[in-house]
Structures are given as C-alpha cells and as structure tokens.
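Enquirer: next input, structure requested:
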Amino acid sequence: MSTLMRLFGRCLAFALLVLGLGAAAVRAQAVDEGYVSISGATRVNVLDPSTNTFTASIGGTGSRDLHLSSDGHLLFSVTFNAVQVIDTATNAVIANVPTGNLVIGAVQAANGNIYSCNNSDGTVSVINPATYTVTSTLPIFCGAIAVTPDGSAVWAPTITFPPLAVFMAVINPATNTFTTFPLNALVNVNAIVFSPDGALAYVVVNGGGSGRVLVIDTATQTQVAVIPVGSFPGTAAISPDGSSIYVADILANNVSVVDTATNTVVATVPVGSRPRGIAFTADGASAYVTNGNGNSISVIDTATNTVTSTFAAGPTPWGIIFQQDSDQDGVLNNHDNCPGTSSGDTVDANGCSITQLCPCAGPWKNHGKYVSCVSNSSESFVGAGLITEAQKDAIVSAAGRSSCGK
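Expert: Below is the predicted model of the structure:
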C-alpha cells in the first residue's frame with residue numbers, strides 16, 4: 001500500500017479525533033466490582049463499593065491473597081493447600097487445584113499458565129490452564145508472588161542456604177525455568193508490585209528492625225532506591241496511574257503512602273487493627289484496606305489520604321482486589337470486549353470504539369462493506385446517545401474517502 005493510501009486509511013481515526021469524540025462526557029463510568037477474602041470463614045465476598053455492601057459470597061475459598069486474570073474473567077483464590085479458579089461472570093468455582101501447603105497466592109501469566117506460591121513447601125506450582133492440573137513444581141521458597149504487567153514473567157522471592165541469602169526468582173512462563181538475582185539483604189519479602197509500564201518493581205520487605213520498599217529496575221535487575229516505611233509492612237498496592245504506592249504497616253496499624261516520583265512517604269493514614277490487604281478502585285479515587293484483626297475494611301480517599309468509611313467485613317478479612325479498566329475507556333476489563341482502546345476513543349457499553357468494530361485492516365470483501373460497517377456502527381452510537389447525527393455523518397464521510405477495503 002502506498003503512503004498516500006495509508007494516509008487515506010487514517011481518515012476515520014483523524015475524524016474521530018478532531019470531532020472530539022473521546023471526551024469523558026460520552027464515556028460510561030466503570031462500575032467497580034471488588035472481591036474480599038474472608039480468611040476466618042474461608043470464603044470470598046463480592047463487594048459493591050458504591051454502597052460498601054457485599055452482594056454475594058463464594059464458599060470454600062479465600063484464605064489469603066486474591067488475583068485476577070488480565071481480562072478480569074477469572075479470579076484466583078487460595079486455601080491452605082489449593083488454588084480456586086472462579087468465573088467472575090457467575091461467581092462459581094470452576095476448578096479447585098491441589099498444590100503445595102500454605103498457599104500465599106496465585107497469578108496468571110500471559111500464556112495462560114497459573115503459578116501458585118506454596119510457602120510451607122518452599123515451591124511454586126505451575127498449573128495448566130486447560131486441564132487445571134499441576135504440571136511442574138519449581139524449587140522457589142516464596143513468601144510472595146506477582147506477575148509483570150505484560151504477563152511475560154512471574155516474580156517470587158526465594159532463599160538459599162548455607163550460606164543464608166535472599167534472591168528474587170524470575171520465572172519465564174514459556175519454559176517454566178527461572179533465573180535469580182540477589183536482593184543484597186537478609187529480609188522477608190512480603191509483597192511485590194510493578195509500575196504500570198513494568199519498568200520498576202517495588203519489593204516490600206521487613207528485616208533488620210525496619211520495614212522498607214526496595215525499588216528494582218526490572219531491565220537491569222538492580223536496586224535503584226530504598227524507601228523506609230512503617231513497622232512490619234505486609235502488602236502493597238500501586239495506583240492505576242502509578243503515581244502512588246500504599247503499603248500496609250501491619251504492626252503500626254496504618255498505611256504508608258509513597259510518592260513514586262520522589263520515592264518518599266508523603267502521608268501516613270491510621271486504619272484498623274492489623275491491616276492485611278490493599279486495593280484501589282479502577283478510577284484510583286479510593287483505596288480499600290482490610291483490617292485482619294479488626295474484622296473490618298477501611299476506605300481511604302486518595303485525594304486527601306483520609307479514611308472516609310469503615311465497615312464490617314467478617315472474620316479476618318485478608319486479600320482484596322477490584323476489577324480494573326486497563327485501557328481507561330470506562331468499561332471494566334471483565335466487561336470489555338475490545339481491550340486496548342486508543343486513548344480518547346468513544347466506546348459502546350462493550351468497550352468497543354467504531355474503529356475497533358470496523359478496523360481498516362479488515363478483512364473486508366470490498367470498500368463498500370467497510371463503509372457499511374462504519375455506517376451501521378455509527379448509527380448504533382447515535383441511538384445510544386454517544387455521538388450526534390452530524391458527527392455520524394462526518395465519520396461515515398471519512399470512511400468513504402478512506403482506502404479501507406480497497
């Protein structure tokens with residue numbers, strides 16, 4: 001295709017941009033859906049943060065951390081010696097996979113493999129997503145587990161002895177092998193979170209009488225900063241925009257708020273007794289903290305770093321997680337049929353823009369078929385109140401002038 005034809009093929013996208021169809025006014029607000037593991041009752045409760053009430057309960061699950069698949073369709077919960085796979089559309093447990101003992105958490109890589117950290121056994125189990133069976137066991141003495149934002153690697157701390165040393169294991173899901181790099185300190189690693197672009201890892205540790213967050217450059221696997229936090233930090237969460245990390249200081253009964261631009265603690269927020277888990281809502285406006293000994297959940301307003309609400313959760317709440325909106329189009333991942341929407345694009349209730357419903361690259365039988373798709377999709381956007389008739393006419397006109405389908 002010539003340069004001229006490629007330019008014509010971009011007419012529709014340009015028309016959408018100049019018409020301002022990506023404004024927040026035409027985007028639906030994502031309705032947050034949360035999940036809380038109630039360790040003392042071995043269940044996961046489904047949380048509606050608009051009312052701070054539980055709307056469903058999933059039994060036989062939920063002793064520790066919770067993780068979601070990248071598309072939000074699956075929730076991974078754990079009990080003492082097994083991983084539960086939950087369908088978030090039905091809240092049904094579709095698999096219960098025996099692994100090792102004292103399972104801390106389970107995460108899923110981009111290729112579908114699921115990895116569970118079995119703390120008591122000193123292993124990581126590899127679970128086949130097609131059969132939900134353990135196909136391999138890796139000798140990694142983990143206390144935490146996390147997957148990179150792109151799903152290309154799984155990180156878990158491990159130790160060696162003698163002599164006693166602490167390393168970070170980086171698992172390659174393609175081969176189920178791992179490499180290690182030293183953390184240069186005798187510490188307990190309690191949590192790992194990544195910046196949204198995956199360039200930095202924030203490793204929450206305690207040891208030597210202090211709690212801190214180690215900042216690791218993921219490309220070079222070297223430590224670039226150390227951030228002192230509160231007493232015995234147990235877990236952490238990073239805001240959707242990556243600007244803040246909230247660290248639960250278990251013994252201090254508070255949350256340390258870290259500014260990632262300066263790698264400093266900018267606020268300390270008192271919460272309930274023994275905070276165990278933290279999660280941000282999809283818009284980043286609130287952070288929810290489970291108070292393990294307080295049997296409650298504290299809600300922090302992230303704009304003011306103050307607790308705005310505390311409500312009962314059940315016996316020993318632990319892990320907590322919310323569905324996210326990765327492409328920030330106003331539709332949560334588990335309801336988004338078109339992930340990766342370009343910034344500013346108007347989308348329908350399924351998270352699809354006109355350019356995603358009618359991609360220039362096709363395949364199209366001819367140019368007319370492409371224009372017909374754009375016309376029909378634009379008409380449906382008008383009917384849904386997402387665009388005006390004038391905007392629809394401009395979009396269809398741009399499609400007619402394009403080279404798409406030719």
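Enquirer: okay, CA-based contacts and neighbour counts for the rest of this
Expert: OK.
Enquirer: spell out, range by range, the helices that occur in the stretch 301-406 of the chain.
Expert: Taking DSSP state H, counting those that start in this stretch to define them, one finds helices in the stretch 301-406 of the chain at 354-357, 367-383, 389-401.
Enquirer: tell me what the first one is packed against?
Expert: Contacting helix 354-357 under the criterion 3 or more C-alpha pairs under 8 Å, 6 or more residues apart in numbering; DSSP states H and E are the following elements: helix 367-383.
Enquirer: circling back to that earlier point, want to try JSON lines for the helices of the stretch 301-406 of the chain, with mean pLDDT and distance to residue 250 as columns?
Expert: Formatted as JSON lines, these follow (pLDDT from 0 to 100; distance: least, C-alpha to C-alpha, whole Å):
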{"stretch": "helix 354-357", "mean pLDDT": "95", "distance to residue 250": "45"}
{"stretch": "helix 367-383", "mean pLDDT": "96", "distance to residue 250": "49"}
{"stretch": "helix 389-401", "mean pLDDT": "95", "distance to residue 250": "54"}
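Enquirer: the ones you listed into TSV, with extra columns for mean neighbour count and distance to residue 212?
Expert: Converted to TSV, these look like this (neighbours: other C-alpha atoms under 10 Å; distance: least, C-alpha to C-alpha, whole Å):
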stretch	mean neighbour count	distance to residue 212
helix 354-357	18	44
helix 367-383	19	50
helix 389-401	19	53
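Enquirer: and the ones you listed as CSV, adding distance to residue 162?
Expert: CSV is the format used below for the helices of the stretch 301-406 of the chain (distance: least, C-alpha to C-alpha, whole Å):
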stretch, distance to residue 162
helix 354-357, 56
helix 367-383, 65
helix 389-401, 68
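Enquirer: residue 148: which of those is closest?
Expert: Taking C-alpha to C-alpha, helix 354-357 is the member of the helices of the stretch 301-406 of the chain nearest to residue 148, at 26.2 Å.
Enquirer: how far does the closest one sit from the chain's center?
Expert: 25 Å (C-alpha atoms, centre = their mean, to the nearest Å).
Enquirer: for it, C-alpha coordinates in CSV please.
Expert: Output in CSV follows, covering the C-alpha atoms of helix 354-357 (Å, rounded to 0.1, in the frame of the first residue of the first chain):
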residue,chain,number,x,y,z
ILE,A,354,-16.1,2.4,15.9
THR,A,355,-12.5,1.9,14.7
GLN,A,356,-12.3,-1.4,16.7
LEU,A,357,-15.7,-2.6,15.4
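Enquirer: residue 290 - nearest residue in space that isn't next to it in sequence?
Expert: residue 297 (4.5 Å; C-alpha to C-alpha, 6 or more residues apart in numbering).
Enquirer: please, which helix or strand holds the one you found?
Expert: Take DSSP states H and E as the rule and residue 297 turns out to sit in strand 296-301.
Enquirer: contacting residues around that strand?
Expert: Outside strand 296-301, the residues within contact range by C-alpha atoms under 8 Å, 6 or more residues apart in numbering are 271-272, 285-291, 306-314, 317.
Enquirer: cutoff 7 Å now
Expert: By C-alpha atoms under 7 Å, 6 or more residues apart in numbering, the list of residues contacting strand 296-301 from outside reads 271-272, 285-291, 306-314.
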